[in-house]
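Engineer: Dropping a prediction and its sequence here:
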Amino acid sequence: MYLSCKYYLRFTFNRRYNYLYSFPLHCSGLTRLAKLKFIDNIKGMQAVQLLRFITFLIISIVFTKSHLTRAEIGQWELFLFIASLLSFFWVSGIIQSLLTLYHRNKTFRSRGETVEKKSPEIFNAFLLILFFSLLVFALGIPIKNALPSIGIKQDVPYLGLLLWYILLSNPVTLIEYIYLLNNRSHRILQYGLYTYGAQILLVLAPVIAGYDEKSAIYGLFIITGVRWIWLIILLRRYTLIKVSFEFIREQLYVGMPLVLTFLISGSAQYIDGIIISVAYEDPGVFAMFRYGAKEFPLVFLLATGLSNALLPQFSTREGMREALVTLKTKSEKLMHLLFPLSIVTMFFARWLYPRVFTPEFTRSADVFLIYLLLIIPRLVFPQTIVIGRKKTNITLIAAAIEICINIPLSLFLIKPYGVVGVALATFIVYSLEKIFLIWYVWAKMKIKPADYIPVLPWIIYSSLLVLLFVLIDHRVINFH
C-alpha cells in the first residue's frame, strides 16, 4: 500500500473531550483516513478491530486468486484457527479483567480513585499474558499428541512455527488497550493503519512472488516482531515496572470466571471447526466453511465497543440508572444502522461470494447467511449488566448451558444440512444464552428487558431479517 506525504502529520489532542484535530496535509493513501475531526476511544477500538478484519479478508481474497490450491489455503486457515483456539479465551479474560480493575482495584488504587502516574496494573497484566503464552508453548507437544484422540486426523500444520507464533503474538494484543486506558484514541488508529497495512504487504508479497503458504506465515512473524518493539516502547512509557503477586491474584480472581466464560461461550466457532474437521477429512471443506463462518464485522465490532465502554458505569450503583438509559439509546442507534446493512448484505451474499472469491466457495455463502442472523442476539446486552455488576459466575453458567446444547445440536444438524447445519446450531445456542441472561437480569436483578432493550425496533428488524433469510433459503429470492 503506497503512502506519500509532503509534510509530517501533526496532531492536537484535547484530553478532556477526547477530540482529535488534524492539520491539512498534502497526503495520499492511508493517512487520509487519519484526517478525522473527531475520534474517541470506542471509535478507535472499533477502527483497529475493523482494520484487523479487513486485513485478513484482503489476504483471503488474494489467496483465492493466487496459485495456492484450496488445500494450501486450508493449511493457512487451520494454522490461524489453532493459534486462536489455544489462546483467545484467556487473552480475552485477562484483558476484560484489566479493564474492570484499572483504577478500581484493592492492590494499587482505592475505589474510584483517579491516578495520572504510570500504571502497575498494565505491567502485571502483561506478565500474566506472557505467563499463559509460555504455558501454552510448553504444553504444545502434548496437545498435538492429544488431537488425534478427539478425532482430528490431519497433522497440525507447521507445529514448531505455530507454538512460536502463540508465544509471541498474544502479548502484543495489549498495545491497543494501553492506548485505550491512557486516552490515546488517535494512537490506536495510527497503530492499526501502520501495522495492518504492513501486515498485508508482508503476508501477500511472498505468495504473489510464487512462494507457498509457509512464506505468508513468516510474514506474520516479521510484523509480530515489529509489534513487540512497539509494545516494549509503550511499556516503558506508560507502565510502572513493579511485579505484584497480590494484584495478579486479584486479577485472576476476577478474570478466571471470564476466562472460563470465553472458553465455553466464545468457543462455538472453534467447536464448529473441530466438528467440520471430524466429519470431513478434506482441508478444502474446512476452508470453505471458514470463509463463510464470519459475522458481519461491523455488528461484532460496534456491539463489543459499546459493551466494553459501559462496563465501568455498571460497576457502581449510582451509575446504574444512567447506564441503562445510555445502553438502550445507544443500542437502538446501532439497530437502525446495522440491521439495514445486514439486510442488504444478506440480499447480495450469494451473488457476491463467487465473485469476490471463486466459484469453489459458493457454498460458503450459505454459511455466511446464517452467521448474519447472529445480529439478532448480538444487539441485546444483558451480559453488559451482569459483568458490570461483577456477577461473572452467571455468565459462566450461561456459557455452560450453551456448550452443553451446541455440541449435540451441531452433530444432529450436520447430518441433514451438512456444514450449514453446524452454523445453524451456533445461531440457536447463542440466542438461548442471551435469553437466559435476559431472564436472570429480569428475575434476579429486577431490571426489565424494556429498561435496556429497545424492544419494538428489535422485534421489527429481527422479523424482517428472518423473513428475508427464509425467502432466500427457499430460493423465492434467488439473486445470483
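Structural biologist: Nice, I can see it.
Engineer: Any buried residues in the helix or strand containing residue 225, and which?
Structural biologist: If you go by DSSP states H and E, residue 225 is part of helix 213-238. Burial within helix 213-238, assessed by neighbour count using 16 or more other C-beta atoms under 10 Å, is assigned to 213-214, 216-217, 219-220, 223-224, 227, 230-231, 234-235, 238. Glycine gets a C-beta too; all of them are placed from N, C-alpha and C.
Engineer: any chance of those in a markdown table, with pLDDT and distance to residue 399 too?
Structural biologist: Shown next, in a markdown table, are those (pLDDT from 0 to 100; distance: C-beta to C-beta, whole Å):
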| residue | pLDDT | distance to residue 399 |
| --- | --- | --- |
| 213 | 83 | 34 |
| 214 | 86 | 36 |
| 216 | 89 | 33 |
| 217 | 91 | 32 |
| 219 | 92 | 35 |
| 220 | 92 | 30 |
| 223 | 94 | 32 |
| 224 | 94 | 30 |
| 227 | 95 | 30 |
| 230 | 95 | 33 |
| 231 | 95 | 30 |
| 234 | 94 | 32 |
| 235 | 93 | 32 |
| 238 | 91 | 33 |
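Engineer: okay if I get these as TSV plus distance to residue 250?
Structural biologist: Below are those laid out as TSV (distance: C-beta to C-beta, whole Å):
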residue	distance to residue 250
213	43
214	42
216	40
217	37
219	39
220	34
223	33
224	30
227	28
230	28
231	23
234	23
235	20
238	20
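Engineer: quick one: which of those is nearest to residue 417?
Structural biologist: Distance to residue 417 across the buried residues of helix 213-238 (C-beta to C-beta) is lowest for residue 213, with 30.0 Å.
Engineer: dump the residue contacts of the nearest residue to residue 86 once chain neighbours are set aside.
Structural biologist: Excluding the flanking residues, the one nearest residue 86 by C-beta to C-beta, 6 or more residues apart in numbering is residue 136, at 5.4 Å. Contacts for residue 136 (C-beta atoms under 8 Å, 6 or more residues apart in numbering) come out as 86, 87, 163, 166, 167.
Engineer: Tell me the spacing between residue 136 and residue 82.
Structural biologist: 11 Å (C-beta to C-beta, to the nearest Å).
Engineer: same thing with residue 43?
Structural biologist: 32 Å.
Engineer: Just want to know which of those two has more residues nearby.
Structural biologist: Comparing residue 43 with residue 82 by other C-beta atoms under 10 Å, the one with more neighbours is residue 82, at 22 against 18.
Engineer: quick one, strands of the protein?
Structural biologist: 4-5, 11-14, 19-22, 27-28 (DSSP state E).
Engineer: of the contacts of residue 136, buried ones?
Structural biologist: Buried among these (16+ other C-beta under 10 Å): 86, 87, 163, 166, 167.
Engineer: from these, which is closest to residue 396?
Structural biologist: Nearest to residue 396, judged by C-beta to C-beta, of the buried ones among the contacts of residue 136 is residue 87 at 19.2 Å.
Engineer: wait, that closest one sits on residue 133?
Structural biologist: Yes - with contact defined as C-beta atoms under 8 Å, residue 87 counts as touching residue 133 (7.4 Å).
Engineer: Name the residues contacting each of these two.
Structural biologist: Shared contacts of residue 87 and residue 133 (C-beta under 8 Å, 6+ apart): 166, 170.
Engineer: Enumerate every residue touching residue 275.
Structural biologist: 407, 410, 411, 414, 422.
Engineer: which of the residues you listed has the most neighbours?
Structural biologist: residue 422 (27 neighbours).
Engineer: Residue 132 versus that residue, what's the distance?
Structural biologist: In terms of C-beta to C-beta, residue 422 sits 29 Å off from residue 132.
Engineer: how many other residues sit next to the nearest residue to residue 122 once chain neighbours are set aside?
Structural biologist: Spatial nearest neighbour of residue 122, chain neighbours left out: residue 239 (4.7 Å); criterion: C-beta to C-beta, 6+ apart. By other C-beta under 10 Å, the residues close to residue 239 number 20.
Engineer: In this model residue 125 seems to touch residue 239, though I could be wrong.
Structural biologist: No - between residue 239 and residue 125 there is no contact under C-beta under 8 Å: 9.2 Å.
Engineer: How is the chain divided into domains?
Structural biologist: 1-38, 40-265, 271-276+292-480 (automatic domain parsing).
Engineer: Which residue ranges of the stretch 301-450 of the chain form helices?
Structural biologist: Taking DSSP state H, counting those that start in this stretch as the criterion, the stretch 301-450 of the chain contains helices spanning 320-356, 364-372, 375-378, 382-388, 392-417, 419-443.
Engineer: same check, this time on the stretch 151-300 of the chain
Structural biologist: 159-169, 174-181, 185-208, 213-238, 245-265, 268-279, 283-292, 297-314.
Engineer: With distance to residue 433 as new columns, can those be given to me in CSV?
Structural biologist: Shown next, in CSV, are the helices of the stretch 151-300 of the chain (distance: least, C-beta to C-beta, whole Å):
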stretch, distance to residue 433
helix 159-169, 28
helix 174-181, 25
helix 185-208, 30
helix 213-238, 32
helix 245-265, 6
helix 268-279, 9
helix 283-292, 22
helix 297-314, 14
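Engineer: Nearest to residue 397, out of those?
Structural biologist: Minimum separation from residue 397 across the helices of the stretch 151-300 of the chain (C-beta to C-beta) falls at helix 245-265, 9.1 Å.
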